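Asks: Curious how this folds, go ahead:
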Amino acid sequence: MEPKTLDKIKPESAITLHGLFKERVKRSGDKIAYRYFDKESSKWTNISWNEAATRVAKMQAAIAKEGLETGDRVAIMAPNGPNWVHFEQAASGLGLVVVPLYTNDRADNIAYVLQDSGTKILFIEGHEQLQALEEISSQMDGLVRIVSAQPCKKYHHFSRLQSMEEWFEDIPEIDGSQLQCVECKPNDLATIVYTSGTTGRPKGVMLSHDNILQNVQYGTNSLPIYAEDIFLSFLPLSHSLERMAGYYIPMLTGATMAFARSVQDLGEDLLSIKPTVLVSVPRIYERVQRKIFDQLELKPQFAQKLFHKAVETGWQRFLKPGSSPLLWPILNALVAKKVMAKLGGRLRIAICGGAPLSPSVAKTFMGLGLNLYQGYGLTETSPVISVNQTNKNDPASVGPALDNVEVKIGDNDELLTRGPCVMLGYWHNQKATEEMIDKEGWLHTGDKARIENDYIYITGRIKEILVLSNGEKVPPSDMEMAIAMDPLFEQIMVLGEGRSCLSALAVLNIEQWRKLADSLSVPSDDPSVLKDKKILDVALERISQQIKSFPGYAQVKNVALSLDPWTVENGLITPTLKLKRNRILEHFKQEVDKFYMER
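Replies: Numbering: from 1, shown residues only. Sure thing, here's the model as predicted:
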């Protein structure tokens, strides 16, 4: 990487999120702000900060035509890209409140959010989003405008719909010097982020400009980011972690943000962009690890042993720097460097958050030399509460709290937090706000934890603890993480609340299932085979092997298998890939009832 330049903008200089953007344009005008893949030219294209300012100013002129007032809400339902950033910054500068939406969310959820927030303008990418919105078109009367980045003439039944080209038709030539910035205070509402809602309707988390600016500022105190850094953005910008760490941090530090084409193209994009910083959730690292292991199975025994030796040696060097001074250079050259090259070869920081990271996954990547830092937070905390640091990284923990964040352990070992990152409250839901934040300002995370030497260790989820009929308590997420380390299981949910024993619902990995079916001489293309006792016994045995370290009462006695994935579209997981446990239980009610009728 080039020389390391520190060019952080302080919150007091920015005041608001749009103030942050304006200050960055002022400081870094001709430097590359954003990089995206242009489909028409089939090449990566750069946008400077000055060019971004011009596009934002044009967006502002178009929004101004709609007659909105300061504090009105506007929503974005588009994939990551320059349009997302330009619209968000344009709205923020006009004093509007931004409501991010997931592009793959269910139509009924989108309708609820639009109505609950009172959204006036909805910005979308195009055809795919319009198709999803067709079934809720009658519930969108509150909108004064729907703007599509792509042409949209065939959707004439959306009376308030315009393409971006049409929206800009009567806008005169404009440049970045004409950026508008309505006077706002740091504690004014900047955005309403609706939680995914694993149970019930999502709640609108109200975050101020200062909530996010303070979180970004102190997040960069833990992990240094330089103006020469390049971020590769692939988590949805509607995800609070990506919006804070992958979008606002580059703006605060002057780094470049490159937009990945898709998760499917991530491998190629890593090689093209060669990022220095990556923000992700555990699921992505799990998928990469699984792909590595699948490829490893096809290689000779010697190559497999060499790989595992490299991981083990690298892990020991992480635990005890300077160990294996003679062996590591050889293993690094033969194994580790080649794997890291597939991630672009320049990654110096990989941030992981949003869910617990499996120790096995952490060991694999860190053993291969990836600087992987696990953090922790909630949408309600803007979102980061804690993150590991470059001078002390304990992958079993989620690091120490940010310097401006207080944490303590409350009743039932619950982690409580307080500080400038804590939300203003839930939109139009005072009761839920009071249940979340107590009278002393402590936010109740719902996660069980312990704190040792300032480092936070998450030990479970209070509301997700299963209590068996004999009173024994089981943390399902820990068991699910362990079971998912077997590549046969693509998705897994452990259940048994109030029951005599634990059971599991599992979606199998197609490729692994075909291998297993061949080895057992059964047809892999016949779903009825998944109910065969022989297959179920094999699955239970493999589950048992993965959870053998758990107590004797925490054993899975029944399992139902499927090849149909749980998706956002079928309503079984949230857009952030969390299980909707109640929905899954309803969906598989017959199977669950059968588990316990037979006992």
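
Asks: I'd like the distance between Ile547 and Ala539.
Replies: Applying CB to CB, to the nearest Å, the value for Ile547 to Ala539 is 13 Å. In short, each C-beta sits where N, CA and C put it, glycine included.

Asks: Settle it for me: which of the two has more neighbours?
Replies: Ala539 (23 against 19; other CB atoms under 10 Å).

Asks: Please report phi then psi for that one.
Replies: The phi/psi pair for Ala539 (degrees, to the nearest 10) reads phi -60, psi -40.

Asks: Tell me which helix or strand the closest residue to it other than its chain neighbours sits in.
Replies: Nearest residue to Ala539, sequence neighbours excluded (CB to CB, 6 or more residues apart in numbering): Val559, at 5.1 Å. Per DSSP states H and E, Val559 falls inside strand 556-562.

Asks: Just checking: what are the partner strands of that strand?
Replies: Sheet partners assigned to strand 556-562 using DSSP bridges are listed as strand 502-508 (parallel).

Asks: Outside of the lengthiest helix in the chain itself, list whatever touches it.
Replies: Taking DSSP state H as the criterion, the chain has its longest helix at helix 301-319. With CB atoms under 8 Å, 6 or more residues apart in numbering as the contact definition, helix 301-319 has outside contacts at 296-297, 323-324, 327-328, 331-332, 334-336, 363-364, 366-369.

Asks: Could you check stretch 440-450 and say which residues are buried?
Replies: Trp442, Leu443, His444, Thr445, Asp447, Lys448, Ala449 (16 or more other CB atoms under 10 Å).

Asks: next one: stretch 171-185 to chain centre, how far?
Replies: The chain centre lies 31 Å from the centre of stretch 171-185; the measure is CA atoms, centre = their mean, to the nearest Å.

Asks: Following the chain past the strand holding Val559, name the next helix or strand.
Replies: Downstream of strand 556-562, the first helix or strand assigned by DSSP H and E is helix 581-587.

Asks: For the helix or strand hosting Gln590, C-alpha coordinates in CSV please.
Replies: In the assignment (DSSP H and E), Gln590 maps to helix 589-597. Output in CSV follows, covering the C-alpha atoms of helix 589-597 (Å, rounded to 0.1, in the frame of the first residue of the first chain):
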residue,chain,number,x,y,z
LYS,A,589,-45.4,-27.6,12.4
GLN,A,590,-46.3,-31.1,11.1
GLU,A,591,-42.7,-32.2,11.4
VAL,A,592,-42.2,-30.7,14.8
ASP,A,593,-45.5,-32.2,16.1
LYS,A,594,-44.4,-35.6,14.8
PHE,A,595,-41.0,-35.3,16.7
TYR,A,596,-42.8,-35.2,20.0
MET,A,597,-45.9,-37.4,19.3
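
Asks: contacting residues around the residue nearest to Ala539?
Replies: Per CB under 8 Å, 6+ apart, neighbours of Val559: Ser503, Ala504, Leu505, Ala506, Leu536, Ala539, Leu540, Ile543.

Asks: Would you format those as JSON lines with distance to Leu94 and pLDDT included?
Replies: Formatted as JSON lines, the contacts of Val559 follow (distance: CB to CB, whole Å; pLDDT from 0 to 100):
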{"residue": "Ser503", "distance to Leu94": "53", "pLDDT": "96"}
{"residue": "Ala504", "distance to Leu94": "50", "pLDDT": "97"}
{"residue": "Leu505", "distance to Leu94": "47", "pLDDT": "97"}
{"residue": "Ala506", "distance to Leu94": "49", "pLDDT": "97"}
{"residue": "Leu536", "distance to Leu94": "59", "pLDDT": "96"}
{"residue": "Ala539", "distance to Leu94": "55", "pLDDT": "96"}
{"residue": "Leu540", "distance to Leu94": "58", "pLDDT": "96"}
{"residue": "Ile543", "distance to Leu94": "54", "pLDDT": "96"}
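
Asks: Kindly format the C-alpha coordinates of stretch 442-459 as CSV.
Replies: C-alpha atoms of stretch 442-459 as CSV (Å, rounded to 0.1, in the frame of the first residue of the first chain):
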residue,chain,number,x,y,z
TRP,A,442,-28.7,2.0,29.9
LEU,A,443,-29.7,0.1,26.8
HIS,A,444,-30.5,-3.5,27.4
THR,A,445,-28.9,-5.5,24.6
GLY,A,446,-30.6,-8.8,25.3
ASP,A,447,-27.3,-10.6,25.1
LYS,A,448,-25.6,-12.4,28.0
ALA,A,449,-21.9,-11.6,28.4
ARG,A,450,-19.0,-11.4,30.7
ILE,A,451,-16.3,-8.7,30.8
GLU,A,452,-12.6,-9.6,31.5
ASN,A,453,-9.8,-7.1,31.4
ASP,A,454,-12.2,-4.7,29.5
TYR,A,455,-12.8,-7.3,26.8
ILE,A,456,-16.4,-8.4,26.2
TYR,A,457,-17.3,-12.1,25.7
ILE,A,458,-20.8,-12.8,24.5
THR,A,459,-22.0,-16.0,26.1
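
Asks: low-confidence ranges in the stretch 451-599 of the chain?
Replies: Where the stretch 451-599 of the chain drops to pLDDT under 70, the residues are 598-599.

Asks: max-length strand in the protein?
Replies: Longest strand of the chain, by residue count under DSSP state E: strand 443-452.

Asks: now it: how far from the chain's centre is it?
Replies: 20 Å.

Asks: Then stretch 262-277?
Replies: 16 Å.

Asks: Report the buried residues of it.
Replies: Using 16+ other CB under 10 Å as the test for burial, stretch 262-277 gives Leu266, Asp269, Leu270, Ser272, Ile273, Lys274, Pro275, Thr276, Val277.

Asks: Can you flag which of those belong to helices?
Replies: Mapping these onto helices (DSSP H) picks out Leu266, Asp269, Leu270, Ser272, Ile273.

Asks: nearest residue to the fourth one other than its sequence neighbours?
Replies: Right, the one you point to is Ser272. Trp44 (6.4 Å).

Asks: Relative to Leu122, how far out is the one you found?
Replies: Distance of Trp44 to Leu122, given as CB to CB: 29 Å.

Asks: Name the helix or strand for Asp30, please.
Replies: Counting by DSSP H and E, there is no helix or strand that carries Asp30.

Asks: Burial check on it, number of neighbours?
Replies: Using other CB under 10 Å, Asp30 has 9 neighbouring residues.

Asks: got the contact list for Thr70?
Replies: Thr70 sits next to Leu94, Gly95, Leu96, Val182, Cys184 when contact means CB under 8 Å, 6+ apart.

Asks: Same question for Val556.
Replies: By CB under 8 Å, 6+ apart, the contact list for Val556 reads Met479, Ile483, Val494, Leu502, Ser503, Ala504, Leu540, Ile543, Ser544, Ile547.

Asks: Any chance you could list what contacts stretch 345-354?
Replies: Contacts to stretch 345-354, defined as CB under 8 Å, 6+ apart, come from residues 1, 223, 225, 230, 239, 241, 245, 274-282, 285, 337, 340, 365, 370-377, 383-384, 387, 398, 576.

Asks: Give me the buried entries from the residues you listed.
Replies: Using 16+ other CB under 10 Å as the burial test, the contacts of stretch 345-354 include 223, 225, 230, 239, 241, 245, 274-282, 285, 340, 365, 370-377, 383-384, 387, 398, 576 as buried.

Asks: does Leu416 sit in a helix, a strand or a coil?
Replies: Taken by DSSP: H, G, I helix; E, B strand; the rest coil, the conformation at Leu416 corresponds to strand.

Asks: For it, list each beta-bridge partner.
Replies: If you apply DSSP bridges, the partners that Leu416 bridges to are Lys408, His444.

Asks: just the strands in the stretch 101-250 of the chain please.
Replies: For the stretch 101-250 of the chain, the strands defined by DSSP state E, counting those that start in this stretch cover 119-124, 145-148, 161-163, 189-194, 204-208, 230-233.

Asks: Dump the ones you listed to JSON lines, plus mean pLDDT and distance to Lys8.
Replies: Listed next are the strands of the stretch 101-250 of the chain as JSON lines, based on pLDDT from 0 to 100; distance: least, CB to CB, whole Å:
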{"stretch": "strand 119-124", "mean pLDDT": "98", "distance to Lys8": "30"}
{"stretch": "strand 145-148", "mean pLDDT": "96", "distance to Lys8": "34"}
{"stretch": "strand 161-163", "mean pLDDT": "94", "distance to Lys8": "38"}
{"stretch": "strand 189-194", "mean pLDDT": "97", "distance to Lys8": "20"}
{"stretch": "strand 204-208", "mean pLDDT": "97", "distance to Lys8": "20"}
{"stretch": "strand 230-233", "mean pLDDT": "98", "distance to Lys8": "15"}
